[in-house]
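> need coordinates for the following:
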Amino acid sequence: MASKTTNPFVFLQQVRSETAKVTWPSRRETMISTVMVLAFALIAMIFFFSADQLFGLAVEQILGIGR
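Just a heads-up that it's a prediction; the model follows:
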């Protein structure tokens, strides 16, 4: 596959024109998304911590070790 070389100046102009077409989120949307990500990370943390503790307790009971 042949590659097409472009003048760096033309490339930067194209990048700038494509960036202008992007719909950027508002500050409010960014804050809501950030809070949602943090909340779901907290939920995942609690879930995996609980699962780890439960499996650890089960292994302790089954094998009788760790006492």
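
> ranges for the helices of this structure?
According to DSSP state H, the chain carries its helices in the segments 8-21, 27-63.

> take the ones you listed and lay them out in JSON lines including mean neighbour count and mean pLDDT.
The way it works is simple: take the backbone N, C-alpha and C, and place the C-beta from them, glycine included. Listed next are the helices of the chain as JSON lines, based on neighbours: other Cβ atoms under 10 Å; pLDDT from 0 to 100:
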{"stretch": "helix 8-21", "mean neighbour count": "9", "mean pLDDT": "91"}
{"stretch": "helix 27-63", "mean neighbour count": "10", "mean pLDDT": "96"}
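
> show me the residue at the heart of the chain, geometrically.
Nearest to the mean C-alpha position of the chain, by Cα atoms, centre = their mean, lies residue 37 at 7.8 Å.

> look up how far residue 65 lies from residue 23.
57 Å (Cβ to Cβ, to the nearest Å).

> which one of the two is surrounded by more residues?
residue 65 (8 against 4; other Cβ atoms under 10 Å).

> how about that one: what's its closest non-neighbour residue?
residue 59 (7.8 Å; Cβ to Cβ, 6 or more residues apart in numbering).

> distance of the one you found relative to residue 45?
21 Å.

> try residue 10
Using Cβ to Cβ, we find residue 10 at a distance of 48 Å from residue 45.

> what does residue 18 give?
For residue 18, the distance to residue 45 - Cβ to Cβ - is 38 Å.

> and for residue 36?
Residue 36 is 15 Å from residue 45, by Cβ to Cβ.

> kindly report the same for residue 29.
According to Cβ to Cβ, residue 29 stands 25 Å off from residue 45.

> now do residue 31
Per Cβ to Cβ, residue 31 is found 21 Å from residue 45.
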